[in-house]
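Visitor: With the input below, show me the fold.
(chains A, B and C)
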Amino acid sequence: MSLKLSGKAAQIYDGIRGAPIVSPHGHCDPAWFAIDAPFSDPAELLVIPDHYVFRMLYSQGVPLDQLGVGVAPEDRDPRAIFRLFAAHWHLFLGTPSQFWIEHELRETLGCDTALGPDTADAIYDHIAIWLTDTDNLPRALFDRMGIEVLATTDAALDPLTHHQAIRDSGWTGTVIPTFRPDALLNPRAPGWVKEVAALGAMTGHDTTGYDGFLAALRKRRNAFKAMGATATDHAIEQPQTVWLDRPADTFATLLSGSIADADAFHGHMLIEMAQMSLDDGLVMQLHAGSRRNTNHTLFDRFGANKGADIPVAVDWVRGLEPLLNRVGNDPRLTLILFTLDETTYARELAPMAGHWPCLRIGPPWWFHDSAAGIARYLDQVVETAGYHNLAGFNDDTRAFLSIPARHDLWRRAVAQHLAAQIDRGYFSAETAGQVAQLLATDLARKTYRLE
Amino acid sequence: MSLKLSGKAAQIYDGIRGAPIVSPHGHCDPAWFAIDAPFSDPAELLVIPDHYVFRMLYSQGVPLDQLGVGVAPEDRDPRAIFRLFAAHWHLFLGTPSQFWIEHELRETLGCDTALGPDTADAIYDHIAIWLTDTDNLPRALFDRMGIEVLATTDAALDPLTHHQAIRDSGWTGTVIPTFRPDALLNPRAPGWVKEVAALGAMTGHDTTGYDGFLAALRKRRNAFKAMGATATDHAIEQPQTVWLDRPADTFATLLSGSIADADAFHGHMLIEMAQMSLDDGLVMQLHAGSRRNTNHTLFDRFGANKGADIPVAVDWVRGLEPLLNRVGNDPRLTLILFTLDETTYARELAPMAGHWPCLRIGPPWWFHDSAAGIARYLDQVVETAGYHNLAGFNDDTRAFLSIPARHDLWRRAVAQHLAAQIDRGYFSAETAGQVAQLLATDLARKTYRLE
Amino acid sequence: MSLKLSGKAAQIYDGIRGAPIVSPHGHCDPAWFAIDAPFSDPAELLVIPDHYVFRMLYSQGVPLDQLGVGVAPEDRDPRAIFRLFAAHWHLFLGTPSQFWIEHELRETLGCDTALGPDTADAIYDHIAIWLTDTDNLPRALFDRMGIEVLATTDAALDPLTHHQAIRDSGWTGTVIPTFRPDALLNPRAPGWVKEVAALGAMTGHDTTGYDGFLAALRKRRNAFKAMGATATDHAIEQPQTVWLDRPADTFATLLSGSIADADAFHGHMLIEMAQMSLDDGLVMQLHAGSRRNTNHTLFDRFGANKGADIPVAVDWVRGLEPLLNRVGNDPRLTLILFTLDETTYARELAPMAGHWPCLRIGPPWWFHDSAAGIARYLDQVVETAGYHNLAGFNDDTRAFLSIPARHDLWRRAVAQHLAAQIDRGYFSAETAGQVAQLLATDLARKTYRLE
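Guide: Modelled structure (predicted):
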């Protein structure tokens, strides 16, 4: 599987296929690059941490523990896991996982054998050997993949030790953190009161009061910035914002254990974050519309991110109105919106980004980071928002090896879109080539202030 | 009109065009096959019972009674009705009704004349003669159409007399019932209290109490199963489920005439149905999102199913959460979801079916059972759910003659989709041929436990 | 940019490209044709009044006053404005504004130079000279554009002086008003109480009572009709209708300053308007789903229509149920629905228009009046509503010069759609040509009773 291109699309793709990888948002573990140890085995590399993979097998009746999920590494049989995965490879026909994994096998792992039940062992052995090669350690891979910059996503209280270690190591790869304070901003998050106290302990501010809470958040933002961060990231089920009249009172009530105003406070804190961005220049990202952990049994047993996060309809217009009317006309703010509700592309996001100076539309996210998903996105946002109100591409992955595959799929889909635009007579091949560069790298660099 | 195919698509279609028809959900009348009497006239065959047809003429000002709707058979002039239909044939340009009816005329009725105002009489006469041929009686047609199995949809209190008669007849056609207990589960349904009493009378259980009500429902499910049923079917405007703490109390209150908790009870009963499915193995179908009888004048005069059932937006995620968290991880359950809100394909249904072991996505339903509707469906569900979480095809028709036409359109649209997948480089022609078989017959057999 | 066509699509387009322009809904200023004065300068012609243009520049940080918005004509530097616009021309790549403006430059303004920062002055000079030519006065342009009829949109209290002047002038162009009473029907509209009083003063009816209010509205409708109007137009954020038991009481309460029932009253008045349409035959238009003036800072400084009107999700089904159940089966009513929520095309509007005799679906509106928007529209409405339940095309523009460009884009997109229908085998080239005529002119004439 490759998203085959020909003619004009192939030409456009040739102009960007080798461009550096700008990865301004994702979930790689900075420890990989701090420690630079080999990945342990093929199952750990391709199956166990990939929720796209294990959710699909689970949907067809394969228990998660048979795939190593929730099983201690020493209790796993990685070869058996890999066989089980290969035996169900047909489930992925036509999915982006098929594209990504085939791309990884072919381009990164150097394996030309087609995956399937009969080839599970051969491919397992191939990868196992590959993993022992020091040329395939994380830093070497990072360099070989042509990654210009990789942003991780880190809890606000993360001491950024691994990031510091990377900086101290002398290695030239650029890995930067992203400030993700959900656990502090959302009073419904488990252990919120303790998190707030820990924030106080970490920063030396008195977080039992609202002013100290804000000051402590500012301090952590600055610590992230000092480590190279250019952005913050925020997740919320509904993109709800609100400006409270007396946030200090609400904060006190919440700390005392009454969570009636939790959602309003969360919405208020998003505005506070936007206001802090005016001062410190961190780009703000908002990922909305995922209802988390909808399978309670699985959550109780295996924890978060187990494939049961399901998108819901969202209302960006009313939800962001308070935030935008407070800071949306300020030229210092950049706010990138990510949606899982594709109906908002043309109805809400493109008109909003085509008006508010602060807004940029994030690329197709999660389930929609796919060939058809990208085609729908470009079809539905460009006519109203143009290209310059887009934020370029994010791979947003937890699977390091999938980074080149994901950027490659985006670049192919972009090339296909632009070739169609030429055919429609919208612009010349030369202009298409320039827009391709924008979409492949330049918009991401500019939007995330990575230039 | 034919949904023309060429090249790879034509080849894929050739591999499945003659496959048996598996029809696991629809609204044919079992009496047709029990009694095996000829259809009365061309208007009765093609116009009067087809709500796709008369709604369109009504939308352009043709009164329903002029089309024979709500008129006793003896008071109708079928030729005048057919002429009126033919005079408005241009209204159907570009609609699936055009495809279906042209297919029926050409392939089943053997009529090559193009329908239109000038040919109404000639075609009427052709069909009238055709109807007198004993080769065109329902059972003969059923056999000639290559129907492997046909499921009807039957009220829970239906005595299944016609189904019994079919079984007793010695005819080899497989016609099975489907358990549809809406009138018993939804306290807002007209005459609910009487229905509950009738259930008691029919089963010998005391349905004045909740335990007896459940026992009686179980008994009816078993009676359906004994007659070959493999599935239940449930319709609801909003896919709302809830697990009541004290359902017996709610049931008593409802029976006493207070319907305040009717919706919650309906939602609770869907979970009870799912729980019964764990035991008896009946596959559960849920058709949600149709707001019924929105034209009150027409409903009062002509009754239900008169073209005024209009889709509304639905929320599958929150609506099914109580049901799924109670039984959704149980490998014994199969629950097929049908939507009229296409925005839920990619946003909700594909992610849900790509996670929960019990869920399968039903094919495009009703207004969306069309060439473009099928294309949108496959474009939006496959990337996240794959092919194996789909339920294959349903014709879901009240119009017997349209069965081959509807399966043919699905097969053509599937072939077109798969040919495009080959062109995109997603899989080989050989694989495409295998997926075509899945979509044409195998997934329906498997999902509905008809193997 | 041209939406290039070839083969069958080009042939179909050739059959309709020169058809007269029927423009039954838009926002041109009747004063242009009453006074027939030249447009003042190129910035006034192409930039300052076009909210598609200035919103996009604003979204990329250009202050509105630098574009002449909110600046008195005598304080503007039109050449500086035009340069600023040209310097940002790349923002419009792939948008309908690009298509429209390039079409205007090439086809109407006779300018072959490609727009861009380097050509700003040359193009400015070209247009400035063009504006001095008496052949380019509004009436001459109207005639040269082949406009058969142009409807403006006028407040209910507009004295229609300009329309009268056009009629008195002896010029043969047909410019007609449209009755837009939002300011009288929506008690939340600024100055509603004064508007109601002014209605009384204008009509001589006592509008302090509900009966007088209705009588006065009827009188204004008749005045519009006498001036050639064939339609009314209504805007509402949510398409909510309601039939009040005691509207006179509600009216009195609202007049006294309590707006609690404002929305219900607005919804009630829409039904009153529909009922008046039964009597006077004015076609009713309903534009729903735009949340107006979401940027409060901009609204306070610059007023309405400054690019911050953003679409929201709507519920046509429940919202129109009261209206339709009161008057929807009456053959005298035509009600045209316009949506900014594309999800309602296939889910709500097509099924509703495919049932209710009064309903027609308006063309893609505002952000969706674009090549891809038109393609999505036809893809999603035709299969269920057919072609005859569509209302043809509206340009709905405030930019006079964009009228031919907008009709041309629609005709090209229609040709492309119909060519694809031929390729799919749905109908012949001859039929496609007939449907093209319908969509280009005939459906608009028929739906708006302009025949």
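
Visitor: got the contact list for A:Ile16?
Guide: Each residue near A:Ile16 by C-beta atoms under 8 Å, 6 or more residues apart in numbering or on different chains is listed here: A:411, A:414-415, A:436-437, A:440-441. Where C-beta positions appear, they are placed from N, C-alpha and C, glycine not excepted.

Visitor: ok, so of the residues you listed, who is nearest A:Leu160?
Guide: The nearest member of the contacts of A:Ile16 to A:Leu160, counting by C-beta to C-beta, is A:Thr441 at 26.1 Å.

Visitor: hang on, the earlier thing: next, give me the two most distant ones among the contacts of A:Ile16.
Guide: A:Ala415 and A:Thr441 (13.9 Å).

Visitor: So the residue of the stretch 101-250 of chain A found nearest chain C: helix, strand or coil?
Guide: Minimum separation of the stretch 101-250 of chain A from chain C (C-beta to the nearest C-beta) falls at A:Trp243, amounting to 12.4 Å. Following DSSP: H, G, I helix; E, B strand; the rest coil, the label given to A:Trp243 is coil.

Visitor: what number of residues lie near it?
Guide: By other C-beta atoms under 10 Å in any protein chain shown, 15 other residues sit near A:Trp243.

Visitor: So it sits against A:Ile271, correct?
Guide: Yes - judged on C-beta atoms under 8 Å, A:Trp243 makes contact with A:Ile271 at a distance of 5.6 Å.

Visitor: Need the residues touching each of those two.
Guide: Joint contacts of A:Trp243 and A:Ile271 (C-beta under 8 Å, 6+ apart) are A:322, A:326.

Visitor: Show me the domain layout of chain A.
Guide: Split into domains by automatic domain parsing, chain A comes to A:7-37+A:138-447, A:38-136.

Visitor: which one of those domains lies closest to C:Ala189?
Guide: Among those, domain A:7-37+A:138-447 comes nearest to C:Ala189, with 19.8 Å by C-beta to C-beta.

Visitor: Adding pLDDT and neighbour count, write the contacts of A:Ile16 out as CSV.
Guide: Compiled in CSV, the contacts of A:Ile16 are given as follows (pLDDT from 0 to 100; neighbours: other C-beta atoms under 10 Å in any protein chain shown):
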residue, pLDDT, neighbour count
A:Arg411, 98, 24
A:Val414, 98, 25
A:Ala415, 98, 27
A:Ala436, 98, 24
A:Gln437, 98, 14
A:Ala440, 98, 26
A:Thr441, 98, 21
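
Visitor: Which stretches in the stretch 251-400 of chain A count as helices?
Guide: A:262-280, A:296-302, A:316-327, A:343-344, A:350-353, A:371-385 (DSSP state H, counting those that start in this stretch).

Visitor: can you tell me if the fourth one touches chain B.
Guide: Yes - where contact is defined by C-beta under 8 Å from any C-beta of the partner chain, part of helix A:343-344 touches chain B, namely A:Thr343.

Visitor: How far does that helix sit from its chain's centre?
Guide: Computed by C-alpha atoms, centre = their mean, to the nearest Å, the chain-centroid distance of helix A:343-344 equals 20 Å.

Visitor: repeat for stretch A:205-223
Guide: That offset, for stretch A:205-223, works out to 26 Å (C-alpha atoms, centre = their mean).
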